[in-house]
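**Student:** sequence first, predicted coordinates after that:
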Amino acid sequence: LVEGLPNFLLNPIKMEKGHVLLHPGDVRHGGSPITKGQRYVLVCFILDKSIIPHEKYCQDRMCKDIEAFRSIPMEDDTQVEEREAFLTSACKHCADAFAFAEL
């Protein structure tokens, strides 16, 4: 046993070739190295407001971007691009929040 290793890593799920596993995005996951052949990964995002409040996550990210923007002194002309990047990101997260609220 490896000291400090979480229990779920001690007994990984082993799957047969051609099988698929679905899990929530917040479940820690990974893949073991393959010894031959190719691994194909199909990533799907299922948006279900009854399970995950996507619009809230977008709003939270928007607020963090605005806080970061406001933390840069306006008189600091060396960080104009950084302030612009935070505002652009905040606008994107705001638009995403509205889109998710419409689902």
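**Tutor:** Nice, I can see it. Numbering: from 1, shown residues only.
**Student:** tell me the pLDDT of the residue nearest to the spatial centre of the chain.
**Tutor:** Centrality entry for the chain: nearest residue to the mean C-alpha point is residue 25, 8.0 Å, by Cα atoms, centre = their mean. If you check residue 25, the pLDDT there is 70.
**Student:** just the element for it, please.
**Tutor:** Of the helices and strands defined by DSSP states H and E, none includes residue 25.
**Student:** for it, which residues are in contact?
**Tutor:** 45, 52 (Cβ atoms under 8 Å, 6 or more residues apart in numbering). (Each C-beta comes from the backbone N, C-alpha and C, glycine too.)
**Student:** try it again at 10 Å.
**Tutor:** Applying Cβ atoms under 10 Å, 6 or more residues apart in numbering to residue 25 gives the contacts 43, 45, 46, 52.
**Student:** cool, residue 19 as well?
**Tutor:** With contacts defined as Cβ under 10 Å, 6+ apart, residue 19 is in contact with residue 13.
**Student:** distance of it from residue 13?
**Tutor:** In this view, residue 19 and residue 13 are 10 Å apart by Cβ to Cβ, to the nearest Å.
**Student:** equivalent analysis for residue 97, please.
**Tutor:** Applying Cβ to Cβ to residue 97 and residue 13 gives a distance of 34 Å.
**Student:** show me which of those two is the more surrounded one.
**Tutor:** residue 97 (19 against 9; other Cβ atoms under 10 Å).
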